[in-house]
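**Student:** return a 3D structure for these sequence lines:
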Amino acid sequence: MAQLHYHRWVERFIVDEFSSEDSMRDYLFSNPILIFEEDTWVIPIVEEKCLPLSSLDKKYGRADIILCRIVEDTEQVKKQKKLSLSLIESWIVELKKEEAGYENGFRQLFDYMTIVKNDNKIREDINNEIKNKVEKYLGIKGLQFKDPGTSLNVYGSLVAPSFDLIGRTRESISKNVKNYKKDYEDLGKVLKDKGKIDEGFTLIDTINAACKLFPYISLIKLIRFKRGDEIIIYSENILGRKAVAQISRIDPVELFKNGTIKEDDIFYFRDDKGKEHNEVECRVLNKRGPSHSFMIKIVAVKGYSNISVPKWAKDHYDYKVQRIPIENTAKTCSIAIHKLFEIYDEDELFKYYWNFGEKNFVRKSDGNLLSELREQQRLKMG
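**Tutor:** Numbers count the residues shown, from 1 in each chain. Next comes the predicted model:
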């Protein structure tokens, strides 16, 4: 197993594993730059219709996330209302909570990449989603592609805390493959030409071979470290392209300690379309939620005694009806209130999952959003 060479400032921290691949996906959704070499414009895609479904085994399900890196100036795109497909890199990302290798990681990633490469429908869905998200981000309508006939540039990234770089595999590359077998046969041919089949091939061998068929595949080491309430996210492209670290320290409890938030502060709700709901009364709890999230107590909703509380279930929400008051994370409470007031239909509610949370809760005394209060604390800390 490849060893992590700790930076000096990381040595006093202990490893604090991500709780699940979902939590890794949540982090990458908010911090996609960890995949790339420089700070560029990235559109995250998690909509089910855009995520390829594994053709190898049902247990693998769909790809975790697609990160579309757009190598164009945002102001030019906004001005011209035109975007070039040839300048978009569509990164299929496979996440592993534990050590990844050829069998546990690469085969799934390669499978997803071949599906996107060969399936016209899923490429069309991805293109439409890119268009919709860019229009929303730039606040424009009528965006057009300059080169609508151009195929997506398909890239891949395997993200895990560590990789098996030594283990060798001796088997047919196209074993158990049902669809798009030619891509696997081409991969096997490249490996055979390099003399890697009979003696066995490593994960790095397959990455190098696959880069003859696709523009690039990265191996990103992603690890969480913790010291007290301080968390460091360490990221490194083990193929030598990049090493990045990010520090996160904003603890909700700290905002109570320094008086930024008080336990008797009343918050009302502002939905994702900008409408204010003063009939909703909430409090922020003096406790730390998962991944340092804010915990909210929905104290009362005028005219309602029950509320449906959502739970993420990969491609939909499962709901449990609970009696008000309830306590949960800001995101979960936001989704529950959006559903209660029927602000979105169920498909839209799931589609806009990443929009909901702290920015929907407004302090009654001064109009500050909960998200703004967190950012004020971040600036104080420098």
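
**Student:** tell me how many other residues crowd the nearest residue to Val77 once chain neighbours are set aside.
**Tutor:** Computed as Cβ to Cβ, 6 or more residues apart in numbering, the closest residue to Val77 that is not its neighbour in sequence is Leu83, at 5.4 Å. The way it works is simple: take the backbone N, C-alpha and C, and place the C-beta from them, glycine included. Residues near Leu83, counting by other Cβ atoms under 10 Å, number 22.

**Student:** hey, what's Leu83 bridged with?
**Tutor:** Beta-bridge pairing for Leu83 (DSSP bridges): Phe145.

**Student:** spell out the secondary structure type for the closest residue to Phe36 other than its chain neighbours.
**Tutor:** Leaving aside its sequence neighbours, Phe36 sits nearest to Arg69 (Cβ to Cβ, 6+ apart; 6.0 Å). Here Arg69 is recorded as strand under DSSP: H, G, I helix; E, B strand; the rest coil.

**Student:** beta partners for Arg69?
**Tutor:** Residues in beta-bridge contact with Arg69 (DSSP bridges): Val42, Glu89.

**Student:** can you check Ile326 too?
**Tutor:** Ile298.

**Student:** any idea how many residues pack against it?
**Tutor:** With other Cβ under 10 Å as criterion, Ile326 counts 16.

**Student:** so it is in contact with Val309, correct?
**Tutor:** Yes - Ile326 is within contact range of Val309, at 6.3 Å (criterion: Cβ atoms under 8 Å).

**Student:** can you list residues touching both of those two?
**Tutor:** Ala336 (Cβ atoms under 8 Å, 6 or more residues apart in numbering).

**Student:** list the contacts of the residue lying closest to Leu56 once chain neighbours are set aside.
**Tutor:** Leaving aside its chain neighbours, Leu56 sits nearest to Asp111 (5.2 Å; criterion: Cβ to Cβ, 6+ apart). By Cβ under 8 Å, 6+ apart, the contact set of Asp111 is 52, 54-56, 60.

**Student:** who wins for most neighbours among these?
**Tutor:** Counting neighbours by other Cβ under 10 Å, Pro52 leads the contacts of Asp111 with 20 neighbours.

**Student:** and the gap between that one and Arg270?
**Tutor:** 36 Å (Cβ to Cβ, to the nearest Å).

**Student:** check Phe18 too.
**Tutor:** Where Arg270 is concerned, Phe18 sits at a distance of 31 Å (Cβ to Cβ).

**Student:** same question for Cys68.
**Tutor:** From Cys68 to Arg270 the distance is 29 Å (Cβ to Cβ).

**Student:** these two: which is more packed in?
**Tutor:** Using other Cβ under 10 Å as the criterion, Cys68 and Arg270 rank with Cys68 on top: 24 against 19.

**Student:** so Asn328 makes contact with Ala336?
**Tutor:** Yes - here Asn328 reaches Ala336: they are 7.5 Å apart, a contact under Cβ under 8 Å.

**Student:** quick one: common contacting residues for those two?
**Tutor:** Counting by Cβ under 8 Å, 6+ apart, the residues touching both Asn328 and Ala336 are Val309.

**Student:** now do the helices in the stretch 251-382 of the chain.
**Tutor:** 252-257, 330-340, 346-351, 370-381 (DSSP state H, counting those that start in this stretch).

**Student:** tell me the pLDDT at Arg249?
**Tutor:** On pLDDT, Arg249 comes in at 53.

**Student:** thinking again about what came up before, out of the helices of the stretch 251-382 of the chain, which is closest to Glu171?
**Tutor:** Between Glu171 and the helices of the stretch 251-382 of the chain, the shortest gap by Cβ to Cβ is with helix 346-351, which sits at 38.5 Å.
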